[in-house]
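> I would like to see how this sequence folds:
(chains A, B, C and D)
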Amino acid sequence: MHIAEGVLPPAQCAIWYAAAAPFVIHGAVKVVKEVREHPENKLLLATAGACTFLLSSIKLPSVTGSSSHPTGTGVGAILFKPPVMAFMGVIVLVFQALLLAHGGITTLGANTFSMAIAGPWIGYWVYLLTKRLHGPNALAIFLCMAISDLATYCVTSFQLAFAFPDASSGVVGAALKFLGIFAVSQVPLSIMEGFLGILLFRFLVRV
Amino acid sequence: MTALLQADHVVAGHPGRPRVLDGVTLHIERGTRLALLGANGSGKTTLMSVLAGSLEPASGRVLREGEPLDWSRKGLREHRRHVQMVLQDPDAQLFSADVAQDVSFGPMNLGLPVDEVRERVDQSLRLLGADHLAERATHHLSYGERKRVATAGAVAMRPDLLLLDEPTAGLDPAGVRQMREALDRLTAAGATILMATHDVALALDWADEAAVVCDAAVRQGPVDELLADSGLIARAHLEKPWTLALAAALGLDRRPRNLEQAIAMLTDERPAGAHDGAAR
Amino acid sequence: MTALLQADHVVAGHPGRPRVLDGVTLHIERGTRLALLGANGSGKTTLMSVLAGSLEPASGRVLREGEPLDWSRKGLREHRRHVQMVLQDPDAQLFSADVAQDVSFGPMNLGLPVDEVRERVDQSLRLLGADHLAERATHHLSYGERKRVATAGAVAMRPDLLLLDEPTAGLDPAGVRQMREALDRLTAAGATILMATHDVALALDWADEAAVVCDAAVRQGPVDELLADSGLIARAHLEKPWTLALAAALGLDRRPRNLEQAIAMLTDERPAGAHDGAAR
Amino acid sequence: MNNHSHHINALDDAAWDSPWRRRRVGEKVLCSMGLVLTALLAPVWPGTVLVSVAAVAFILGSARIRLHVLAEAMSAPLVFLVLGGVSVLLAVGRTPTDAWWSLGALSIGPTSSVQALRLFLHGMSGTLSVMVLATTTPMVDLLTWLRRFHVPEPLLEIANLTYRLLFVILDTMLTVMEAQRCRLGDNPVGPMHGLRRRWDNTAAAIGAIGILAWERAGRLNEGMSHRGFETTLATLPVRRRASPRFIVITLAVIAAIWALSLGGTAS
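Below is the predicted model:
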């Protein structure tokens, strides 16, 4: 679920760009350093980017009909660490905006913040925390995937709420409204993505 | 007689090219070996997808045993019990860690009891000459082995009709030989096979019938007749098999299908010593 | 005379199989068309990687114009100006989505001025019969077109020697024809070509010399001589080209290399009317 | 998923075949982003409508993109905009005094409907403006163009490789999915349409695609080292001729939209 082009007012576009920039620059610096040392890693990152893009093109039908799809950022956070995902997320989001008309350029900052920063970071923290508490691996993966998905959707809902506060109940009311509407598709989706994550890692271990 | 599978005035394609096939009619009779010939991009794979129930035609019908194919979920499940397709690239068709597990994929989806699944896996690997590979990891197989295992995965569904896309492409001579032996075993076990191939010599030697895809349509007929037709060959951007080209160049009115028959033709021929070999 | 490129008692392999090649010696003279033959997994690709400077042999040497290859970064850079390899799978080589940009990669890497790069790109696409593709997207090309573009990428380096891995595999007859015409243009333009292939008939028709990889070693010689050697063919899991098999079966002491020569042999032969064609 | 992948190709194909392919990327970016900013900043009425009209005129008229390509591309954002619009339209909480309609906590009033309309119009005109770029400029051209802004080369190379691998892996993905369908992977026998097995099969498919993608990347890496790849992937810049006329038209259209919008509100 990405915010479409034109939907956010200019000031908020700028704020989200500013909020996302440090994370993305941090990630980009890491990526540049990484591939200077290991040029062959360019391809691995590109593969991860391409796979994330394609995974997001697996559309699951949802009640609201909104574009609900697995974000895959949870897997990426575990495999590549969140800073790298912040940068790769920008590439994927630009591709989605220009190849699928999904998301936008002025809303890129906001979408990056929700999908490529908040999602992976929160998911990754939960993953580490679960491991620290000696939780089973499968649980850690499930929580990472599901919660990174949920975090993305919560942040997006708040972003929309700031832009379109409810006529009677303000930002909080609007946030609840967006959370409610998108919950119909996003909550089951994030649980499914969590299970998919477990199955996927189980499959990868076997192979 | 009703054909095992039949395409009836099929029009099909994809958004960028909606009429890759434009009114294709094809009959596949039980027990035939049918070679599907055509240049790259002529629509061979599109036609196979339509026959396999993977691509619904824009117009026209697909009939199995005379019954129109039902494109619902249930109808397709039934169709795939009878018709199985094996794609050219084996790698993208093997999605399990080991060979036996991969071959069991189809039968497991049919919901069969474990014992029957096991028996089917054994039998199809045996038919493909791949029983010694059962416990191997799929990514340790050679290209030729992967091709045979991918085919075994389709054979395990016990289909009446197998649609094989370029089963010998990329194989070395030994690999081609093994694949052909496997196909012979499958035919002996009662399978009807359609094979799409670029290799006209193989088609002539193996097939009974041929279907040539050309200008978005299909010409079907005895394989030696179609492949001897220079006009059709040129239009379809194919090549005449050397045995037929040789016979034609020598003015012989025969259609040898392979090296042995060519040798027989020439040894029959030579004692006569006549230059006008056309007199048969 | 010093060979353009030479492998001298090369032992090479990979961690899982350290002696894929075990004492291979091979000479490539300037201006020859050399066919590299062998079954899948025999070590053809390993040998080509060694010759291309991509895999350092465990022992033995590679010599270019008599000088041992310097395996340092700098030495390899120099080597690649002279020797270029094209892999079988074009998608393993084409990294840019734009054809002209992709072909320009090698020359740009050489640090040439932009105008010369542009000229080289144009010329190599023209040699490969792919000039009309310059502005197309790589992912819009057919398999055969991608193969020719990948080859153009190597040709743009203006190498003395081209190592081509299965340049015609997977192509339809028209694609094979186009690739052969391109190779003829390259030879005419002065390139020396080594082609690894499974297609013995193609090798016999195209090559001057052959090198057969068999039992981790290489036998080199005139292509018609090696391919007529039934013992070698069997050991190397190859197949005799039909023209040679036919001549042998008819007891003719000739080695026709293609359909035309076979026809000529038989029309020369037939008027004599003798059954013992061996008397030539 | 099949349809969706064609959707990936639809905009990309249009961009490669576009008559504007030979235009300088900077000019197209100027046109597209100029319209986007106008859509965002100019008064909603008639600014956004004029921007939409101008964008459609550029796409269908000047760049000769086929209508159905644009229509298909717009279908996904349209769903988002309608949904977003509806959720803004319905206010929740205490019904405002000027509400036109209410049902329990839900209400529709002038404030919420103006907001909803604003969201919809901004979204439509913004997305259409971006489509000016998306339907006429292949991603590679855009990435090559970004070089002049001193974006670090490795980052652009990664983006370029991502784009190339996208189509290679898409092919693999479609083949894997088709092979699974053939063997009833999406349609197994069992309770709830074989739900349990469908999950396993989906995971197997995604895992297989991932592994094949990984292998492909490894092979491409090897192929590139054969071609002498060490650190950078320098390629030839494409030559394009500047078109002052195009720039003038673009600026004139944008200026006209501003004039009409501001004039409209002033009067």
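
> ok, residue D:205 - contacts?
Neighbour list for residue D:205: B:95, D:176-177, D:180, D:185 [criterion: C-beta atoms under 8 Å, 6 or more residues apart in numbering or on different chains]. Every residue, glycine included, has its C-beta placed from N, CA and C.

> What residues sit buried inside the helix or strand where it lies?
Residue D:205 belongs to helix D:191-226 when assigned by DSSP states H and E. Using 16 or more other C-beta atoms under 10 Å in any protein chain shown as the burial criterion, the residues of helix D:191-226 that qualify are D:194, D:197-198, D:200-214, D:216-217, D:219-226.

> Over to stretch D:10-21?
Residues of stretch D:10-21 classed as buried by neighbour count (16+ other C-beta under 10 Å): D:10-18, D:20-21.

> So for the strand or helix carrying residue A:29, what gets flagged as buried?
Using DSSP H and E, residue A:29 maps to helix A:10-37. For helix A:10-37, a neighbour-count test (16+ other C-beta under 10 Å) marks A:12-13, A:15-17, A:20, A:23-24, A:27-28, A:30-32, A:34-35 as buried.

> Does chain C have contacts with it?
No - using C-beta under 8 Å from any C-beta of the partner chain, helix A:10-37 stays clear of chain C, with a minimum separation of 14.3 Å.

> which element follows that helix toward the C-terminus?
helix A:41-56.

> Check the closest residue to chain A within the stretch 1-150 of chain B and give its pLDDT.
Closest residue of the stretch 1-150 of chain B to chain A, C-beta to the nearest C-beta: residue B:97 (4.8 Å). Looking at residue B:97, its pLDDT stands at 84.

> Neighbours of it, how many?
Neighbour count of residue B:97, defined by other C-beta atoms under 10 Å in any protein chain shown: 16.

> how near is it to residue B:180?
Relative to residue B:180, residue B:97 is positioned 29 Å away (C-beta to C-beta, to the nearest Å).

> Format the contacts of residue D:205 as a markdown table; extra columns: distance to chain A, secondary structure and neighbour count.
Formatted as a markdown table, the contacts of residue D:205 follow (distance: C-beta to the nearest C-beta, whole Å; DSSP: H, G, I helix; E, B strand; the rest coil; neighbours: other C-beta atoms under 10 Å in any protein chain shown):
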| residue | distance to chain A | secondary structure | neighbour count |
| --- | --- | --- | --- |
| B:95 | 9 | coil | 28 |
| D:176 | 11 | helix | 25 |
| D:177 | 9 | helix | 21 |
| D:180 | 13 | helix | 23 |
| D:185 | 14 | coil | 25 |
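
> quick one: which of the residues you listed is nearest chain C?
Among the contacts of residue D:205, and counting by C-beta to the nearest C-beta, the member closest to chain C is residue D:176, at 15.9 Å.

> quick one, what contacts the nearest residue to that closest one once chain neighbours are set aside?
Spatially, and ignoring its direct neighbours in sequence, residue D:176 is nearest to residue B:92 (4.8 Å; C-beta to C-beta, 6 or more residues apart in numbering or on different chains). Contacts for residue B:92 were tallied using C-beta under 8 Å, 6+ apart; they are D:172, D:175-176, D:179, D:208, D:212.

> Taking the residues you listed, tell me the two that lie furthest apart.
Spanning the widest gap among these are D:179 and D:212, at 11.5 Å by C-beta to C-beta.

> so the spatially most central residue of chain B is in which element?
Chain B has residue B:195 as the residue nearest its centroid, 1.0 Å off, counting by C-alpha atoms, centre = their mean. Of the helices and strands defined by DSSP H and E, residue B:195 is found in strand B:192-196.
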